[in-house]
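A.B. asks: Can you look at this prediction? I've put the sequence above it.
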Amino acid sequence: MRSLAILLLSIQLLFIVSSHAAIFEIRNECPYTVWAAASPGGGRRLDRGQSWTINVAPGTAMARIWGRTNCNFDGSGRGHCQTGDCGGVLDCKRAPGGCNNPCTVFKTNQYCCTNGQGSCGPTNFSKFFKSRCPDAYSYPQDDPTSTFTCPGGTNYRVVFCPVRSPHFPLEMVGGTSEE
């Protein structure tokens with residue numbers, strides 16, 4: 001009887017723990033290949049219309065999902081991406097920042113906010129993205145309502161180039177499209 005009670009308790013604990021995991025479906029609707037990356041989770045090539053499902057373990061404190069473009073990987077998963085590179089590997093083990101943000105590229109106080117709390121405001125780069133994705137966190141001291149906590153036990157869908165988006169294709173300076 002005691003072993004049955006322990007077995008039932010174990011099953012209940014397993015149910016409680018697994019019911020708080022989060023599931024992310026990452027889908028590519030872009031007319032070009034996106035090399036999706038997630039930390040934790042890894043990385044995957046997604047051609048148009050393909051999707052990738054990631055199960056994020058309960059208790060995960062932080063996760064990031066981002067897209068990479070113009071990637072070239074060998075059979076062992078080593079290579080590079082023009083945007084969003086992940087340390088030269090397909091299977092991301094940690095988030096390197098996701099992309100070449102202005103701080104990474106220019107390394108100046110204007111973009112890195114190194115002069116202390118409240119010393120950094122939006123730049124032309126962050127304003128460009130904020131105007132197209134107002135809920136996105138676009139620079140280090142952006143509006144704190146732009147960060148999100150995803151409750152466990154919920155399914156999420158991340159779509160690159162959503163078909164009904166008013167900003168697809170993304171209009172860059174000069175009226176050209178960015179792939």
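C.D. replies: Thanks, I have the structure now.
A.B. asks: can you give me the helices in the chain?
C.D. replies: Applying DSSP state H to the chain gives helices spanning 2-18, 102-106, 109-112, 124-132.
A.B. asks: The lengthiest strand in the chain pairs with which strands?
C.D. replies: In terms of residue count, the longest strand belonging to the chain (DSSP state E) is strand 64-73. Applying DSSP bridges to the sheet, strand 64-73 is found paired with strand 34-39 (antiparallel), strand 79-83 (antiparallel).
A.B. asks: Most tightly packed of those?
C.D. replies: Highest mean neighbour count of the strands paired with strand 64-73: strand 34-39, a mean of 24 (counted as mean count of other CB atoms under 10 Å). To be clear about C-beta, it is placed using only N, CA and C from the backbone, and glycine gets the same treatment.
A.B. asks: ok, and what's touching that strand?
C.D. replies: Strand 34-39 is contacted from outside by 24, 26, 28, 43-46, 52, 54, 63-69, 71, 81, 84, 86, 90, 92-95, 98, 160-161, using CB atoms under 8 Å, 6 or more residues apart in numbering.
A.B. asks: where in the protein is pLDDT low?
C.D. replies: 1-20, 94-105, 110-120, 136-152, 164-179 (pLDDT under 70).
A.B. asks: any idea how it splits into domains?
C.D. replies: 21-100+149-179, 106-145 (automatic domain parsing).
A.B. asks: Make CSV out of the strands paired with strand 64-73 and add distance to Pro134.
C.D. replies: Formatted as CSV, the strands paired with strand 64-73 follow (distance: least, CB to CB, whole Å):
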stretch, distance to Pro134
strand 34-39, 22
strand 79-83, 22
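A.B. asks: for these, which one sits closest to Tyr156?
C.D. replies: Smallest distance to Tyr156 across these (CB to CB): 11.5 Å, for strand 34-39.
A.B. asks: doesn't Asn28 make contact with Cys161?
C.D. replies: Yes - because the distance of 7.2 Å satisfies CB atoms under 8 Å, Cys161 is recorded as touching Asn28.
A.B. asks: out of these two, which sits in the more crowded spot?
C.D. replies: Asn28 (24 against 19; other CB atoms under 10 Å).
A.B. asks: Would you confirm that the more buried one contacts Arg68?
C.D. replies: No - assessed by CB under 8 Å, Asn28 is found out of contact with Arg68, at 11.3 Å.
A.B. asks: burial measure for Ile23, as a count.
C.D. replies: Counted with other CB under 10 Å, Ile23 comes out at 14.
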